[in-house]
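S.K.: Need the 3D shape of this:
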Amino acid sequence: MTSPRATIAFIGLGNMGAPMAANLVKAGHTVTGYDIVPAALQALIAAGGKLASSAADAAKDADVVITMLPAGEHVRDVWLHQGGLIEAVKSRGPLLIDCSTIDVESARVVTAAAEAAGLAMLDAPVSGGTIGAQNGTLTFMVGGAEDAFARGKPILEAMGKNIFHAGGPGAGQAVKICNNMMLAINMVGVSEGFLLARKLGLDWNKLHEICSTATSNSWALSQYCPAPGPAPAAPSNRDYAPGFMTQLMVKDVKLSQAAAEATGSPTPLAALALTFYEKAMQAGDATKDFSVVFRWLAGQKR
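M.R.: Alright, predicted model coming up:
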């Protein structure tokens, strides 16, 4: 779908933000970016974007302001505190979109502040990793009002393939937390299956071929297989280069556990899986793809 050209501010040009901003430029939008890491700005320049000296400077003439930041405290700071973006842009009335993966409460607090200032805001975390960001095939899980979603969807379609309205404020974050919790558990299960298969004398390629058509099939198995060999594009065939870093999966599963604690929801498998990813981090693989949990498990004894 082609959207009208917009002037967009993009705050946070890291491994995900930079290719997302580049896809907005490619779609014909005018994109001005800002990041606290100067080197992160170079990819946007190369893509044809513009640079700003601060988040507020990037957003001063924007129709849409997008943030892609590491955690809830950063999102709160940029929108509510030192960054003060809501206060800085409220006279212009741009649409605000936060694509970070953060806790549901932070998303709701920031959205409430935006709405109090007369602004529409969406929480729109993504799934698909750096490959999806580069290829413009991300899945967006969006929380916010119906009219804000309708306004933001054409912008999101320049960066993603699947755009879902999950519900009201915070709903996008809630879906993302559940999704990544399930993925974390799933990856451990696939890893255990492939390790057992090797001990039983099975060929990994044969196991992959068969199980990709059987009841154990999943994205973690068929597309992102943690065992080297069967899925050529998977990080397991590039020494677990991310992808989606182990430390980010730890962050997201911790978010799920905080939400589970707050709501009284039982998540014993997620709690156990979290310990595996934490141990993989401690083994020196924090910045490797989270599927490196396979390699960590391979080194364990029963």
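S.K.: CA atoms for contacts and neighbours, from now on please.
M.R.: Noted.
S.K.: what about Glu87, how many neighbours?
M.R.: Using other CA atoms under 10 Å, the number of residues around Glu87 comes to 15.
S.K.: Now do whichever strand or helix holds it: everything it contacts.
M.R.: Per DSSP states H and E, Glu87 falls inside helix 85-89. Outside of helix 85-89, the residues within contact range by CA atoms under 8 Å, 6 or more residues apart in numbering are 55-56, 59-60, 78-80, 113-114, 117.
S.K.: if we go to 10 Å?
M.R.: Contact with helix 85-89 is made by 55-63, 65, 76-81, 93-96, 110-111, 113-119, as judged by CA atoms under 10 Å, 6 or more residues apart in numbering.
S.K.: As a check, name the ranges of all helices in the protein.
M.R.: 17-26, 42-47, 55-59, 72-80, 85-89, 104-116, 129-135, 146-156, 171-199, 204-211, 219-222, 246-263, 268-280, 293-298 (DSSP state H).
S.K.: Make JSON lines from the ones you listed and add mean pLDDT to it.
M.R.: Formatted as JSON lines, the helices of the chain follow (pLDDT from 0 to 100):
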{"stretch": "helix 17-26", "mean pLDDT": "96"}
{"stretch": "helix 42-47", "mean pLDDT": "90"}
{"stretch": "helix 55-59", "mean pLDDT": "94"}
{"stretch": "helix 72-80", "mean pLDDT": "94"}
{"stretch": "helix 85-89", "mean pLDDT": "93"}
{"stretch": "helix 104-116", "mean pLDDT": "96"}
{"stretch": "helix 129-135", "mean pLDDT": "90"}
{"stretch": "helix 146-156", "mean pLDDT": "97"}
{"stretch": "helix 171-199", "mean pLDDT": "97"}
{"stretch": "helix 204-211", "mean pLDDT": "98"}
{"stretch": "helix 219-222", "mean pLDDT": "96"}
{"stretch": "helix 246-263", "mean pLDDT": "96"}
{"stretch": "helix 268-280", "mean pLDDT": "98"}
{"stretch": "helix 293-298", "mean pLDDT": "98"}
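S.K.: Indicate which one of these is closest to Thr32.
M.R.: With CA to CA, the closest approach to Thr32 among these belongs to helix 55-59: 5.5 Å.
S.K.: Can you name every helix or strand that the closest one contacts?
M.R.: Packing partners of helix 55-59 (3 or more CA pairs under 10 Å, 6 or more residues apart in numbering; DSSP states H and E): strand 7-11, strand 30-34, strand 50-51, strand 64-67, helix 72-80, helix 85-89.
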